[in-house]
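Engineer: Starting from these lines, generate the structure:
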Amino acid sequence: MAQASDRGSNGDEIVVVDLDGDIIDMPAVQRQDSLYMDATRAAGASHRGQDSWAKTLRLAFQCVGILYGDIGTSPLFVYSSTFRNGVGHPDDLLGALSLVIYSFLLFTIIKYVYIALRANDDGDGGTFALYTLISRHAKVSLIPNQQAEDELVSKYNRGKPPATLRRALWMKEMLETNKAVKISLFLITMLATAMVISDAVLTPAISVLSAVGGLKEKAPYLTTEDDDKLTTFLVILGGLVGLYEIVWITVGVLVVLFAIQRYGTDKVGYLFAPIILLWLLLIGGVGMYNLIKYDTGVLRAFNLKYIIDYFRRNKKKGWVSLGGILLCFTGTEALFADLGYFSIRSIQLSFGFGLVPSVLLAYIGQAAYLRVHPEDVANTFYRSTPSSLFWPTFILAIAASIIGSQAMISCAFATISHSQTLGCFPRVKVLHTSRQYSGQLYIPEVNYLLCLGACLVTIGFKTTDIIGEAHGICVVLVMIITTVLLTIVMLLVWKISIWWIAVFFIVFMSSESIYLTAVLYRFAHGAYVPVAMSAVLMVVMIVWHYVHVKKYKFELEQSVPRDKVKELLGRRDIQRVPGMGLFYTELVQGIPPVFPHLIEKIPSIHSVLIFVSIKHLPIPTVDTSERFLFRQVDREDYKVFQCVARYGYRDPFEEAKEFVDALVEHLQYYIRDVNLYGMGCETMIVKASSYHSTPAESFGSQEKPSIRAVYAEEMLTPAESFSEHTIQASSRSKSFAKFQEGKMNIVEMMKIQQEQQGILEEVKKGVVYIFGESDVVAEPHSSLLKKIIVNYIYSFLRKNSRNGEKMLSIPRSQVLKVGISYEI
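Structural biologist: Predicted coordinates:
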């Protein structure tokens, strides 16, 4: 058998080993394929860093429309939420403005724009992206489906271990070996996910309600309370007559907002950017006008002394008012989560020169106005706007609030899609609304629930003060969880001093915890709403993932041994049915126990049978050339294969026909390569690295050596050419020698061609998609809690979620389902 050595650009060594022999020292050969070149890139590297200035400016313009709607509309309600009982002392405005300025600078600019954006997962942001980034450097996943082959995917980006190797290894070992830490990391990620989804309910409600509330300035008879007056103004607005006018107008706008989600946000960057740009210019200009007209002395708020005086003077009231102050940096989580559409440099450019001056001028101008008119604090934004600009401001406020809400709704869709790929959310229909941006998603079922929730919150609370309490706890909890995950990324991945990490954690965790305590103090005044919603969402996600993990482990333990498979295939009563059968299973390490059940009930198999496992890797995308891994179940003429189809968490599923075409094409490559290079031998490639892996986690179900092995036949892709393999071949390899010397028997070549042609002929006869419908129940001796979770909650969720064939867009006429019951 051939032995060869390979050393990539990162210094990791690839050694080809004969299973029956010892490792033979060979001269290192430089690999030429992109798979190994790309796999050695440093984690977090992005091609976007090389963007031209023209492209950066274009992206910066689009950033304004997609990312800054939520943050840009915060001046609508910050002061009214901070001073619920009015302004007690004139200098309280300076203290509150100082808190707004430095909170905005600390959390939005320093933490997110200049730190968090650099902790991206190959261009993707958000808490789930941080979790997947961590999971690539440490095995924190609770599902035991890791494979050594996954690390060879070009976008896996693990790269070298950090310079501070001891610290990284300590963190890696703790994450992998301490089950409590692993579960805690999973739970806080689920909590952040639930809070982001809850925020997608609250953000549209508070933004649109604040904007529509401006109507009271021109029509004071419009209220959020019971009112019997019928007016001409209501007729002009559309004949709205009755109770709670402002609330019902807001509900109407919300319904329209969620109704247009189905059309996607493919071109929203260019469509929304001019509107948000006008909005930012307007609020910045009005802020400058108010500053000059009313009181330039508010610029003293840049002195931190006024923050100390504010708390000394107001004590407990000052601390509680932080729940309103924190609304000035809402939208930062959406900014981080939507990073995938833009480059870091474009966000920093548009943020520093566009958003920051406009928003800070708006807050400064409102404070200057309130120094003269403190009685208008309940509706500061519209009262401080010149009357001649009221209607343009009102129209832009409505548009900006809708756009800001759009960003948060899109963030919720992306978060749910990511959690679904990790087995943490029931199966729902995910539609990709853009061919250019894989992250542009629409989920119909979730959209309906978000719309219902936003309308109910608006009708139930009626005012932005109470909704602001609920909104605040979502924001601060997600920020705290982001701080924890960022700290882990710094320890595990980044090459920075431990002292800088300590400073980061102490500063942000302490300050965010203070804001959290302020929000929790008014828990009964509205903060309980997102907590209740998040609790329900967490129960759904935890139950679904718990049963998913238990079911996977059960199938893994009960997987069919290779000898048993050979015995089943060799039975005389087994009939071969024309065509190809794709047997879908979640198991990637062996044959699922439902297969013998199928043979027992229907003693027949297709002429070509492929066990297909859909697997999502903790990376955004997987190149199509690296999507499929194959292994032949038996060397006889049964044509039974195992296939793992690997996707990133942002990759859409192909249509059924497109998937089959791609699978068959790569199966042809596999048949060619395994016959040319693997005849009569089993080759394995060992990847030596400083990060040692655990054994027995490979593709097949048979026993493996104690080292981490990658079988050559499993990792061959079309990108690896004939010439590449011949260069690596040892002259002592008979198979390679025959190929190199042109002595390949024509009969063997014809055999390969016939086998490939046979596969194509069977595909033409028809493809049948086989699904194992497993009914999961708790074991009889299980606890009452486990029975409730498995037999009732999970069963309800499974019955009301989409089936596998619907998720993969498979025609019902080609589906065969096999029922089986599992006791876990």
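Engineer: C-alpha from now on. contacts and neighbour counts both.
Structural biologist: Noted.
Engineer: Extract the residue ranges of this structure that are flagged as low pLDDT.
Structural biologist: 1-51, 157-164, 217-244, 264-271, 339-341, 433-440, 634-637, 677-745, 805 (pLDDT under 70).
Engineer: biggest helix in it by residues?
Structural biologist: Determined from DSSP state H, the single longest helix within the chain is helix 179-212.
Engineer: Could you list the buried residues of that helix?
Structural biologist: Buried residues in helix 179-212, counted by 16 or more other Cα atoms under 10 Å: 182, 185-186, 188-212.
Engineer: One more: stretch 53-68?
Structural biologist: By neighbour count on 16+ other Cα under 10 Å, the buried set for stretch 53-68 is 56, 57, 59, 60, 61, 62, 63, 64, 65, 66, 67, 68.
Engineer: Not counting it itself, show me its contacts.
Structural biologist: 268-277, 331, 334-335, 338, 342-343, 345-347, 349-350, 354-355, 403-404, 407 (Cα atoms under 8 Å, 6 or more residues apart in numbering).
Engineer: For the buried ones among those, write the corresponding ChimeraX selection.
Structural biologist: A single ChimeraX command selects the buried members of these (16+ other Cα under 10 Å):
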select :269,270,272,273,275,276,277,331,334,335,338,342,343,345,346,347,349,350,354,355,403,404,407
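Engineer: Show me what the longest helix of the chain packs onto, helices and strands only.
Structural biologist: helix 127-137, helix 165-177, helix 245-259, helix 390-421, helix 444-461, helix 464-492, helix 528-557 (3 or more Cα pairs under 8 Å, 6 or more residues apart in numbering; DSSP states H and E).
Engineer: what helices or strands is the second one leaning on?
Structural biologist: Using 3+ Cα pairs under 8 Å, 6+ apart as the contact definition, the elements that helix 165-177 packs against are helix 179-212, helix 464-492.
Engineer: do the shortest one as well
Structural biologist: Using 3+ Cα pairs under 8 Å, 6+ apart, the elements in contact with helix 127-137 are helix 179-212, helix 390-421, helix 464-492.
Engineer: between the second one and helix 179-212, how big is the angle?
Structural biologist: Think helix 390-421. With axes from the mean of the first three to the mean of the last three Cα atoms, to 10 degrees applied, the angle from helix 390-421 to helix 179-212 works out at 160 degrees.
Engineer: Equivalent analysis for the shortest one, please.
Structural biologist: What separates the directions of helix 464-492 and helix 179-212 is an angle of 140 degrees, with the same axes, to 10 degrees.
Engineer: Helix or strand next in line after helix 464-492, which one?
Structural biologist: helix 498-521 (DSSP states H and E).
Engineer: Any buried residues in that next one, and which?
Structural biologist: Within helix 498-521, the residues scored as buried using 16+ other Cα under 10 Å are 501, 504-505, 508-509, 512, 514-520.
Engineer: need the residues you listed in JSON lines with distance to residue 746, can you?
Structural biologist: Shown next, in JSON lines, are these (distance: Cα to Cα, whole Å):
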{"residue": "501", "distance to residue 746": "64"}
{"residue": "504", "distance to residue 746": "67"}
{"residue": "505", "distance to residue 746": "67"}
{"residue": "508", "distance to residue 746": "70"}
{"residue": "509", "distance to residue 746": "70"}
{"residue": "512", "distance to residue 746": "72"}
{"residue": "514", "distance to residue 746": "77"}
{"residue": "515", "distance to residue 746": "76"}
{"residue": "516", "distance to residue 746": "75"}
{"residue": "517", "distance to residue 746": "78"}
{"residue": "518", "distance to residue 746": "80"}
{"residue": "519", "distance to residue 746": "78"}
{"residue": "520", "distance to residue 746": "78"}
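Engineer: quick one: which of the residues you listed is nearest residue 292?
Structural biologist: residue 515 (32.1 Å; Cα to Cα).
Engineer: now the lengthiest strand in the chain, how far from the centre of its chain.
Structural biologist: Taking DSSP state E as the criterion, the chain has its longest strand at strand 604-616. Here strand 604-616 is found 29 Å from its chain centre; the criterion is Cα atoms, centre = their mean, to the nearest Å.
Engineer: Over to stretch 522-533?
Structural biologist: The answer for stretch 522-533 is 26 Å, by Cα atoms, centre = their mean.
Engineer: Excluding its own residues, what touches that stretch? List them.
Structural biologist: 194-195, 198-199, 320, 466-474, 519-520.
Engineer: Now the terminal residues of that stretch, how far apart.
Structural biologist: Length of stretch 522-533, first residue to last, Cα to Cα, to the nearest Å: 17 Å.
Engineer: pretty sure residue 462 is touching residue 247, no?
Structural biologist: Yes. Using Cα atoms under 8 Å, residue 462 is in contact with residue 247, at 6.2 Å.
Engineer: Have a look at the two and say which one is more surrounded.
Structural biologist: Between residue 462 and residue 247, counted using other Cα atoms under 10 Å, the more crowded position is residue 247 (26 against 22).
Engineer: Who are the contact partners of the more buried one?
Structural biologist: Residue 247 sits in contact with 209, 224, 458, 459, 462, where contact means Cα under 8 Å, 6+ apart.
Engineer: ok, of those, which one's closest to residue 578?
Structural biologist: Looking across the contacts of residue 247 and measuring by Cα to Cα, the closest to residue 578 is residue 458, at 59.5 Å.
Engineer: so that closest one touches residue 251, yeah?
Structural biologist: Yes. Residue 458 is within contact range of residue 251, at 7.1 Å (criterion: Cα under 8 Å).
Engineer: returning to what we had before: now intersect the contacts of stretch 53-68 with the strands, please.
Structural biologist: Among those, no member lies in strands (by DSSP E).
Engineer: Distance to residue 592 for the helices and strands packed on helix 127-137 - can I get that in JSON lines?
Structural biologist: Shown next, in JSON lines, are the helices and strands packed on helix 127-137 (distance: least, Cα to Cα, whole Å):
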{"stretch": "helix 179-212", "distance to residue 592": "27"}
{"stretch": "helix 390-421", "distance to residue 592": "20"}
{"stretch": "helix 464-492", "distance to residue 592": "36"}
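Engineer: returning to what we had before: tell me which residues are up against the longest strand of the chain.
Structural biologist: Contacts of strand 604-616 (Cα under 8 Å, 6+ apart): 421-422, 574-588, 591, 599, 638-649, 759, 762.
Engineer: change it to 6 Å
Structural biologist: 421, 574-586, 588, 639-648 (Cα atoms under 6 Å, 6 or more residues apart in numbering).
Engineer: burial measure for residue 353, as a count.
Structural biologist: 10.
Engineer: wait, what's in contact with it?
Structural biologist: Per Cα under 6 Å, 6+ apart, neighbours of residue 353: none.
Engineer: so how far is the first residue of stretch 760-779 from its last?
Structural biologist: By Cα to Cα, one end of stretch 760-779 lies 45 Å from the other end.
Engineer: ok, and for that stretch, which residues are buried?
Structural biologist: In stretch 760-779, counting by 16+ other Cα under 10 Å, buried: 760, 762-763, 767-773, 776-778.
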